[in-house]
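Student: The sequence and its predicted three-dimensional model are supplied below.
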Amino acid sequence: MANRQTTERTMRGLFFVIATASIGILFLIMLFLFREGLPIFKTVSVKDFIFGKYWYPTSDPPDFGIFSLIVASVAVTAVSGAMAVPLGVMTAIYLSEIAMPRVSQIVKPVVELLAALPSVVIGFFGMVLVAPFLQRVFDLPTGLNLFNASLMLAFMSIPTICSISEDAIHSVPGALREASVALGATQLQTIVRVVVPASLSGISTAVILGLSRAVGETMVVLMVAGGAAMLPGSLFDPVRPMPASIAAEMAEAPIGSEHYYALFATGIVLFFFTLLFNIVADTIAHRYAQVGEASL
Amino acid sequence: MMKSLPVSDMTEKNTVGETIAAPKVQAVSMPTAHDRFPGVSPAYDRRRRLVQNIFFGLFRGAAAINGIALLVIIYFMVANGWRAISWDFLTQPPMDSMTKGGILPCIVGTLCLSIGAIVVALPIGIASAIYLKEYARPGKVVRLIRLGINNLAGVPSVVFGLFGLAFFVVILKMGVSIAAGALTLGAMSLPVIIGSTEEALKSVPDTYREASLGLGATKWQTIWRVVLPSAMPGILTGAILGISRAAGETAPIMFTGAVFFTPKLPTSIFNEVMALPYHIYVLATAGTAIEKTRHLQYGTAIVLIVLVLGMNLLAIIWRARLRKKLQ
Amino acid sequence: MDTEIKMSAQDLDFYYGEFKALHSINMNFSPCQVTALIGPSGCGKSTFLRCLNRMNDLIPISRVEGRITLDGENIYASDVDVVMLRRKVGMVFQKPNPFPKSIFDNVAYGLWVNGIKDKVFVQERVEESLKQAAIWDEVKDRLQASALGLSGGQQQRLCIARALAVKPEVVLMDEPASALDPIATQKIEELIHQLKETYTIIIVTHNMQQAARVSDVTAFFYMGKLIEAGETDLIFTRPKKKQTEDYITGRFG
């Protein structure tokens, strides 16, 4: 009997240790980002690194200012969000409130498959088909630009926004819908005034996670954003978001060089961007936990 | 019609309520709001119906855009690339500076990397999920672990690449290799595996657990003999999704597992490999003849799409069947 | 006789998919009366109630045959506006289901969605409805507080106030007191008594004493059929059918 209890305790301990692996990996990621990224600040001050307007890592002397990269990341994320948030939330509403079950059984896998498309394929699509199209229609010097990258990113974050919003909307108790309808509200009034407000925390979480996905997405911005490390002046300017800069330059930055350190430091900034998004999402999800059915 | 009364109008509710209450006591014969109830004006009703139709059209349109996007992307890939697909394309290495030949090393490399990733992530992921679902009691520790998992899921793929480069490739001296790439991809897939495994464990009815525990089985015996077997199909569905996601990723393997070109097939886990997604990127942006190799790029993209979406479709169908069985 | 019928069901059949849940129901409801629908669980009483304001329309696989009339008009006719119908035939549900909004907003909701924007009128109507539902004194000082902070019994009376605010002609109540304690239940029952001066009330209940206390007319449902309906006193003292007698005397498996 004692033997069984020992086994039981051992198993429990073992599972606990393995369960902390995620935290361990997250910790290692931070450790190595800092280890390889902080040395750049011996050369450049934190302020000059973040607010410096010039990114010429390979010229002599090099310039390590990632401000235009940060602005590019923010711009691309914001523009893609402006497209993906309405589309994602509206699709979620359609799926959970309006569509007949048979229709949503088809549309849901479509959204899932859209999420499953490899980012490199979407980047490739943006590069070879959308870019020439934009160039021709708007008479631009290049179709690889902020707008194109945002459009492609939007289609990568729509599935995230849609599926999490849908879960939130789905968990609104049916009794609230019935109460609204029984008062002579139309279906749209019920959606706008009861269902969406009741699931707002879940929808906000969805939006933030969708934006987080867009800010960290690499291949699309690497292939489609145009790559110019300049502050964008218009929607159709080429830009160089942080992930694109890291991915494009890492191969040619010798390990242990200043350039290598600078790219890791860019990684730190990017990491904190997504960490911030995730912590905000997590806080919203916990603090404003969804209101369930009235309890007695 | 969407506008509700602004809350600010109601802040002085108490006083408003009382001022209404007072005169009512005096003037009993005054017609009440009940008597003066206006009903719904037909014009208002027509308008809200119109607004509803417009909005429902928009919602429908938004959903349709997803389908259209998927179809357009797949259509253009297939229309432009199907001619490149041939037996030789799938079974030959690239030739003439990657302007001719096939993509066999990429297919093999991608399979090695993604299967390697799942070999790493599956045991850890299942064990983590078992702890969270079966053992842990809600509290600070669990909250912390979940926060870790959520944040790990949010780490950008290129940051995983940086981590893999600094840790597996440089510090652990694995070099650019299947091992380093698979470990990096495995770390990235971990949250997906944990999530789907937890989902699968949740779908096992509590009565199974109670029955087993009631017969005197220990918790571990219950998990091993009762819970895991019934959750296994769901767990495997999650594993397939994990593999497909790992297979499609590019940024994490750019610095850790995949190289520009190597015609040899790997013989050890410490070999570097080619990979389908990286091959597409290389050919499309840095090849020696970008325009000339377009058909190869499309062809490679089709192979990747078929691989990834095929696995996903399999998982989706399998899951749908499972759900039906459970009902 | 016709003038005294507010609502009426004629040869009403109801199906959930293949399953026939109601068999040829014929029944009239008089204005300003309380009608209780009783019967064992699964007998179709709630399904029937939900046919009266077409709440079952929300279930995709359901189907209705026959007629239900409100003031002589078939509510299942193709040109009938379901939204308008539900404004006239209000409903109170088994579990209190206030919106996660303030007390005031809960009651005003029905007015707002029906396009009534006159603030003074809305305030008056909210107060009146809360008074009618006998909850005004308990909430008048905290109209902006969340409705979810109220007790179960208060929530249910708030839901009644909410249903009354849009001035329905008929109020359907689906076991409105089943989730409440005896004191709250008593309050709801007193309330029903007062409300019947103004409204036609149809109430589903599994509690026979409650039916006996509050209703003028009682209808007994069993296995999707209306077995017997009549004045409450008669149903409980001299039921005509054996099944009714078995049920009300508690001799039911």
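Tutor: Looks like it came in fine.
Student: State the pLDDT value of the closest residue to chain C within the stretch 51-200 of chain A.
Tutor: Residue nearest to chain C within the stretch 51-200 of chain A: residue A:184 (3.0 Å; C-beta to the nearest C-beta). Bear in mind the C-beta positions are built from the backbone N, C-alpha and C, glycine included. Looking at residue A:184, its pLDDT is 90.
Student: same question, residue B:16
Tutor: 34.
Student: Over to the one 5 residues further on?
Tutor: At residue B:21, the model reports a pLDDT of 35.
Student: Over to residue A:217?
Tutor: We note a pLDDT of 93 for residue A:217 in this prediction.
Student: do you know how far it is from residue A:274?
Tutor: 10 Å (C-beta to C-beta, to the nearest Å).
Student: State the pLDDT value of the residue in the stretch 1-150 of chain C that chain B sits nearest to.
Tutor: Residue nearest to chain B within the stretch 1-150 of chain C (C-beta to the nearest C-beta): residue C:115, separated by 3.6 Å. Looking at residue C:115, its pLDDT is 88.
Student: Centroid-nearest residue for chain C?
Tutor: Residue closest to the average C-alpha location in chain C (C-alpha atoms, centre = their mean): residue C:172, at 1.5 Å.
Student: give the contact list for residue 90.
Tutor: Went with chain A since none was named. Contact analysis of residue A:90 by C-beta atoms under 8 Å, 6 or more residues apart in numbering or on different chains lists B:58-59, B:62-63.
Student: try again with chain B
Tutor: By C-beta under 8 Å, 6+ apart, the neighbours of residue B:90 are B:102-104, B:107, B:303.
Student: most neighbours, which of these?
Tutor: Neighbour counts for the contacts of residue B:90 (other C-beta atoms under 10 Å in any protein chain shown) peak at residue B:103, which has 27 neighbours.
Student: so what's that one closest to, chain neighbours aside?
Tutor: Excluding the flanking residues, the one nearest residue B:103 by C-beta to C-beta, 6 or more residues apart in numbering or on different chains is residue B:300, at 5.5 Å.
Student: Could you count how many residues lie near the one you found?
Tutor: 33.
Student: which stretches of the stretch 151-300 of chain B aren't confidently modelled?
Tutor: In the predicted model, the stretch 151-300 of chain B carries pLDDT under 70 at residues B:287-288.
Student: Looks to me like residue C:10 is in a strand.
Tutor: Yes: counting by DSSP: H, G, I helix; E, B strand; the rest coil, residue C:10 is part of a strand.
Student: Just the helices from chain C, written as ranges.
Tutor: In chain C, the segments counted as helices under DSSP state H are C:45-51, C:82-88, C:103-113, C:119-132, C:136-139, C:152-165, C:182-195, C:208-214, C:232-237, C:242-248.
Student: Include mean neighbour count and distance to residue A:98 when you put these into CSV, please.
Tutor: Formatted as CSV, the helices of chain C follow (neighbours: other C-beta atoms under 10 Å in any protein chain shown; distance: least, C-beta to C-beta, whole Å):
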stretch, mean neighbour count, distance to residue A:98
helix C:45-51, 23, 21
helix C:82-88, 20, 16
helix C:103-113, 26, 18
helix C:119-132, 21, 29
helix C:136-139, 16, 35
helix C:152-165, 26, 25
helix C:182-195, 17, 35
helix C:208-214, 19, 39
helix C:232-237, 17, 43
helix C:242-248, 17, 42
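Student: Same list, these, but as TSV with distance to residue A:229 please.
Tutor: Shown next, in TSV, are these (distance: least, C-beta to C-beta, whole Å):
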stretch	distance to residue A:229
helix C:45-51	64
helix C:82-88	57
helix C:103-113	51
helix C:119-132	56
helix C:136-139	61
helix C:152-165	59
helix C:182-195	68
helix C:208-214	76
helix C:232-237	84
helix C:242-248	82
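Student: Compare these and give me the one nearest residue A:230.
Tutor: Relative to residue A:230, the nearest member of the helices of chain C by C-beta to C-beta is helix C:103-113, separated by 50.2 Å.
Student: tell me the angle that closest one makes with helix C:119-132.
Tutor: 120 degrees (axes from the mean of the first three to the mean of the last three C-alpha atoms, to 10 degrees).
Student: And helix C:103-113, what does it pack against?
Tutor: Applying 3 or more C-beta pairs under 8 Å, 6 or more residues apart in numbering or on different chains; DSSP states H and E, one finds that helix C:103-113 contacts helix C:119-132, helix C:152-165.
Student: nearest spatial neighbour of the closest residue to chain A within the stretch 51-200 of chain B, skipping sequence neighbours?
Tutor: Closest residue of the stretch 51-200 of chain B to chain A, C-beta to the nearest C-beta: residue B:156 (2.7 Å). Spatial nearest neighbour of residue B:156, excluding adjacent residues (C-beta to C-beta, 6+ apart): residue A:216 at 2.7 Å.
Student: Any idea how many residues pack against the closest residue to residue A:11 other than its chain neighbours?
Tutor: Of all residues beyond its chain neighbours, the one nearest residue A:11 is residue B:220 (4.4 Å), with distances taken as C-beta to C-beta, 6+ apart. Residue B:220: 20 surrounding residues under other C-beta under 10 Å.
Student: Residue A:272 too?
Tutor: Counted with other C-beta under 10 Å, residues neighbouring residue A:272 total 12.
Student: Can you give me the buried ones in the biggest helix by length in chain A?
Tutor: In chain A, with assignment by DSSP H, the single longest helix is helix A:258-287. Using 16 or more other C-beta atoms under 10 Å in any protein chain shown as the test for burial, helix A:258-287 gives A:258-271, A:273-275, A:277-278, A:280-282, A:284-285.
Student: Briefly note if that helix comes near chain B.
Tutor: Yes: Helix A:258-287 reaches chain B (C-beta under 8 Å from any C-beta of the partner chain) through A:263-264, A:267, A:270-271, A:274-275, A:277-279, A:281-282.
Student: With stretch C:30-47 instead?
Tutor: No: figure legend: stretch C:30-47 not in contact with chain B (C-beta under 8 Å from any C-beta); closest approach 14.8 Å.
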